[in-house]
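Engineer: Pasting a predicted model and its sequence here:
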Amino acid sequence: MLPYIRLELRRLGRTPGLLIFTVLMPLVSYVVFTNVSTLTGQDKSAAATYTMVSMAGYGAIGALLNYAGGLVTDRSVGWLRQLRLTPLKPITVVLGRGVAAMAAALAPVLALCLAAVLINGVRLDTWQWAAILPLLWAGAVPFALLGLALGYLATSQTAQPLNLLVYLGMSILGGLWLPLDVMPGWVAAIGRLLPTHAYADMSWRVAFGGAPTAGDVVILAVWMALFAALASWGFRRSVRRITVL
């Protein structure tokens, strides 16, 4: 399994566009947003902390969805068919790709937190950093499963628009671009049920001295189970399609 993980990590290193999209764009957005404090309705220090979590989460989710979405390309060029000819078990392929995806998600989390400290002087207690970094990274696992599901189910024509629709839609409605409090009530009600909001809310609460709520954990766990089931179904469907071909 380790050789396959190393292979996927090398492939990740050959896609600089992914890192630019998931690290550079959230960084630019962070710098802009933290200089317009009215977007959060808080002072600049609070806005910098709040937006740090928002943009780090946004970048991590983007990295996972876009990397996993590369499955569409792998299918179209016959890479998955080649893997079926190797001794690798299907679960090994899925896990190896998942590990590489999580490595991609770590970059925006570290970059945004570092930028918050260096650019905006964000200062948190040690325990807060020790909680926020793992929450932003490991808490994004459900989106790796969602990315795998989309990668297995989408076609080369639908992959990019579908990924973008899911990514931006869930990010905006989940409160990563604007706090739900400034949105219409019915939009906020929907947003609080989305995995993007539950994922970010855990870190927001820690950043401002609180603790993740049971509700956020339950919502994220439910979505994770749904995404896992969808990815599993998509994988079986993809394998059947390859077998027929």
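Structural biologist: Received it, and whenever you're ready, just let me know what you need. Being a predicted model, the structure only gives us computed values, none of them experimental.
Engineer: check which helix or strand covers the residue lying closest to Leu153 once chain neighbours are set aside.
Structural biologist: Among residues not flanking Leu153 along the chain, Gly234 sits closest, at 4.4 Å (C-beta to C-beta, 6 or more residues apart in numbering). Bear in mind the C-beta positions are built from the backbone N, C-alpha and C, glycine included. According to DSSP states H and E, Gly234 maps onto helix 214-244.
Engineer: which strands and helices sit next to that helix?
Structural biologist: helix 71-76, helix 79-84, helix 90-120, helix 141-153, helix 195-207 (3 or more C-beta pairs under 8 Å, 6 or more residues apart in numbering; DSSP states H and E).
Engineer: Select, out of the ones you listed, the one closest to Trp186.
Structural biologist: Nearest to Trp186 among the helices and strands packed on helix 214-244 is helix 195-207 (14.6 Å), distances taken as C-beta to C-beta.
Engineer: who's in contact with the closest one?
Structural biologist: 49-50, 52-54, 56-57, 61, 124, 128, 131-132, 135-136, 139-140, 142-143, 170-171, 173-176, 180, 191, 211-213, 215-217, 219-220, 223-224 (C-beta atoms under 8 Å, 6 or more residues apart in numbering).
Engineer: residues of that helix that come out buried?
Structural biologist: Neighbour-count burial for helix 195-207 flags 195-207 (criterion: 16 or more other C-beta atoms under 10 Å).
Engineer: so Val141 touches Ala101, yeah?
Structural biologist: No: Val141 is beyond contact range of Ala101, at 9.3 Å (criterion: C-beta atoms under 8 Å).
Engineer: Which residue of these two possesses the greater neighbour count?
Structural biologist: Taking other C-beta atoms under 10 Å, Val141 and Ala101 do not tie; Ala101 has more neighbours (27 against 19).
Engineer: Centroid-nearest residue for this structure?
Structural biologist: Ile61 (1.5 Å; C-alpha atoms, centre = their mean).
Engineer: thinking again about what came up before, got the angle for the helix holding Gly234 vs helix 141-153?
Structural biologist: Angle, helix 214-244 to helix 141-153, by axes from the mean of the first three to the mean of the last three C-alpha atoms, to 10 degrees: 20 degrees.
Engineer: I'd like the mean pLDDT over helix 214-244, please.
Structural biologist: Averaged across helix 214-244, pLDDT comes to 82.
Engineer: quick thing: my sequence starts at 15, can you match it?
Structural biologist: Right, with 15 as the first residue, what we last looked at is helix 228-258.
Engineer: Of all the residues in it, which ones are buried?
Structural biologist: For helix 228-258, by 16+ other C-beta under 10 Å, it's 230, 233-234, 237-238, 241-242, 244-245, 248-249, 252.
Engineer: Quickly check those residues for the two that are furthest apart.
Structural biologist: Asp230 and Ser252 (31.9 Å).
Engineer: Just give me the closest of the buried residues of helix 228-258 to Thr169.
Structural biologist: Nearest member of these to Thr169, counting by C-beta to C-beta, is Ser252, at 11.1 Å.
Engineer: Let me see the backbone angles for Gln171.
Structural biologist: Backbone geometry at Gln171, expressed as degrees, to the nearest 10, gives phi -80, psi -30.
Engineer: who are the neighbours in contact with it?
Structural biologist: If you count contacts by C-beta under 8 Å, 6+ apart, then Gln171 has nothing around it.
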